[in-house]
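Peer 1: 3D, please:
(chains A and B)
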Amino acid sequence: MDYYGTAGIDPLGELARTHFTNEISPSLDGRSVTLLGWVHILRDKGKIKFLVLRDEKGTIQITIPQKKVSEEVFKISEEFKPEYAIAVRGTVVATPQAPSGVEIIPEMFRIINKAHRLPIDVVEGKVDIDLDTRLNHRILDLRKPTVNAIFRIQHSLVRFSREFLEKEGFVEIHTPKIVAEATEGGANLFEIKYFEKKAYLAQSPQFYKQLMILAGFGRVFEIAPVFRAEKHNTRRHVNEYTSFDYEMAWISDVDDVMKMEENMLHYSFKKTREHVPSELELLGVDLKTPKVPFKRIKYAEAIDLLNAEGREMEVTDDLDPESERLLGKIFPEKFGTDMVFLTQYPLELRPAYTMPSMTDEGMTESFDLTYKGMEITTGSQRIHIYDLLVERFKAKGFDPDAFAFYLDPFKYGAPPHGGLGLGVERLTMQLLNIDNVRETTLLPRDRDRLTP
RNA sequence: GCCCCUGUAGUGUAGCUCGGCCUAGCAUUCAAGACUGUCACUCUUGAGACCCGGGUUCAAGUCCCGGCGGGGGCGCCA
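Peer 2: Numbers count the residues shown, from 1 in each chain, chains lettered A, B, ... in the order given. Presented below is the predicted three-dimensional model:
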């Protein structure tokens, strides 16, 4: 069967890409190259056509003057429509008239696949499209260079954070997402059917990370989805997101955990700056590598700062979004940085496994990292002392028997340890100054979005 | 769980306050045509929409009610 012929398209055949569009420079003048990509823009002047071809790395102008190309090439070019997948073999010509100082004069075209009329523009800057409409057509939406760049940057952030932790002796682990019990009590869980039992989707890898410390891995990390069954509808929340978690043993105190994070982010930001400069430029982001060490202030002090600005808050109150925004404004003014650790949170605001403070009564050995006025990390030293852990579980109203699988291993020489969870999408949105987390989530799952 | 806002061509909007001049405007898109240096090409012609149901009224895109869809805030959190 000639499926290609029936569809009116060409097989790629022997054609292989010789260059990406961003590799075409005036120095290649005269060279024959083969490019594969999509019809991005077609400016048809009649006897001369300008085709902007887009591939994974960028765009390049293909110029099709009727007099300088074969009849067949010109004829095929008449068929092009937006987002046709095409192959082109042609000659590189350096010319000041082309947008990048260089263009391609085609010798051969192949239509690799056709495209229907587009539901949304892939060319940016014509009309603003609602985020919801974009997400309905997310696959096309992701083809836009700026949208694609977001996830290349996200990859870079994750890649280099992982690289840093590996250098520090962390072991990457993969823990179950189907679980029997809640870890923190706070967020609601998605209930699922597990044959004849009830189960839940994990809201955090917390227990398993700690158990792997108890299992003899000195340092572990996991980058995996977590699920929150909250019916929230805000620009900062989705119901499934990627949590970047690590846990480390043999710590002296919670500051060891914070030092690891600031060094990790410093490394990751620096490397990201070096590795994806064109993506950052496309998004207009001047990525500043934050200075190490990051500023640290106690939660109680942050509350004081807020109250000095006229808010009326108790130290046991959680930060509401307005307070977060306010701190996001105060920190740069006062400390000259938008990356600040808040430490020593009150017991009331932290989960049962958090080590109570040894210096500040009623507080915990814990921290949040706020970046440009948003919480992106929560971490702490964990309780490694069995009796204390059981006591704290009871104090939070949990039945220790229900958590035996988690608590029992603490009876057998658990080392002091601590760790954190970092929201990958939130880190990305803050870094890129994007105001809706759905934009930095590849395929968001929110209150009522389950597809694509 | 609570609260606010919103629904007009493929996409984004104007019109809605103060119902009639809306045969629903504009941009982009799409179709056909013109153009040999475009730069989101330009120009000509054409195509394409009032979320659904009920109500008020001589008359509903416009007012009211319900349903469905969308956005955001609070709480909670990354």
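Peer 1: So for stretch A:378-387, what gets flagged as buried?
Peer 2: Within stretch A:378-387, the residues scored as buried using 16 or more other CB atoms under 10 Å are A:378, A:379, A:380, A:381, A:382, A:383, A:384, A:386. (Glycine included, C-beta is placed from N, CA and C.)
Peer 1: Give the residue spans of chain A that score low on pLDDT.
Peer 2: For chain A, the stretches flagged by pLDDT under 70 are A:182-187.
Peer 1: let's see it at 50
Peer 2: Scanning chain A for pLDDT under 50 picks out the ranges A:186.
Peer 1: Outline the domain layout of it.
Peer 2: A:3-113, A:140-440 (automatic domain parsing).
Peer 1: all helices of the stretch 251-400 of chain A, in order?
Peer 2: A:254-275, A:277-282, A:299-308, A:321-335, A:386-395 (DSSP state H, counting those that start in this stretch).
Peer 1: Which one of those lies nearest to RNA strand B?
Peer 2: helix A:321-335 (3.0 Å; CB to the nearest atom of the strand).
Peer 1: How about residues contacting that closest one?
Peer 2: A:236, A:295, A:302, A:305-306, A:309, A:311, A:313, A:319, A:337-338, A:340, A:370, A:372-375 (CB atoms under 8 Å, 6 or more residues apart in numbering).
Peer 1: One more pass at 10 Å, please.
Peer 2: Identification of contacts with helix A:321-335 by CB atoms under 10 Å, 6 or more residues apart in numbering yields A:234-236, A:294-297, A:302-303, A:305-306, A:308-311, A:313, A:317-320, A:337-340, A:342, A:368, A:370-375, A:430.
Peer 1: buried stuff in that helix?
Peer 2: So for helix A:321-335, counting by 16+ other CB under 10 Å, buried means A:323, A:324, A:326, A:327, A:328, A:330, A:331.
Peer 1: How about the residues of the stretch 201-350 of chain A by RNA strand B?
Peer 2: A:204, A:228, A:230-239, A:241, A:243, A:318, A:320-322, A:324, A:349 (CB under 7 Å from any atom of the strand).
Peer 1: Pretty sure residue A:438 sits against residue A:426.
Peer 2: No. Counting by CB atoms under 10 Å, residue A:438 does not reach residue A:426; the two are 11.6 Å apart.
Peer 1: Overlap of the contact sets of these two?
Peer 2: Listed as contacting both residue A:438 and residue A:426 by CB under 10 Å, 6+ apart are A:236, A:237, A:238.
Peer 1: Need those in JSON lines (columns: neighbour count and secondary structure).
Peer 2: Listed next are the shared contacts of residue A:438 and residue A:426 as JSON lines, based on neighbours: other CB atoms under 10 Å; DSSP: H, G, I helix; E, B strand; the rest coil:
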{"residue": "A:236", "neighbour count": "17", "secondary structure": "coil"}
{"residue": "A:237", "neighbour count": "16", "secondary structure": "coil"}
{"residue": "A:238", "neighbour count": "24", "secondary structure": "coil"}
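Peer 1: Return the closest of those with respect to residue A:58.
Peer 2: residue A:238 (29.8 Å; CB to CB).
Peer 1: what's near enough to touch that closest one?
Peer 2: Residue A:238 sits next to A:228, A:230, A:232, A:423, A:425-426, A:436-438, A:440-441, A:443-447, A:449 when contact means CB under 10 Å, 6+ apart.
Peer 1: what separates it from residue A:28, distance-wise?
Peer 2: 44 Å (CB to CB, to the nearest Å).
Peer 1: Kindly report the same for residue A:431.
Peer 2: The value you get for residue A:431 to residue A:28, if CB to CB is used, is 34 Å.
Peer 1: The two: which has the busier surroundings?
Peer 2: Neighbours per residue, other CB atoms under 10 Å: of residue A:431 and residue A:28, the larger number sits with residue A:431, 25 against 18.
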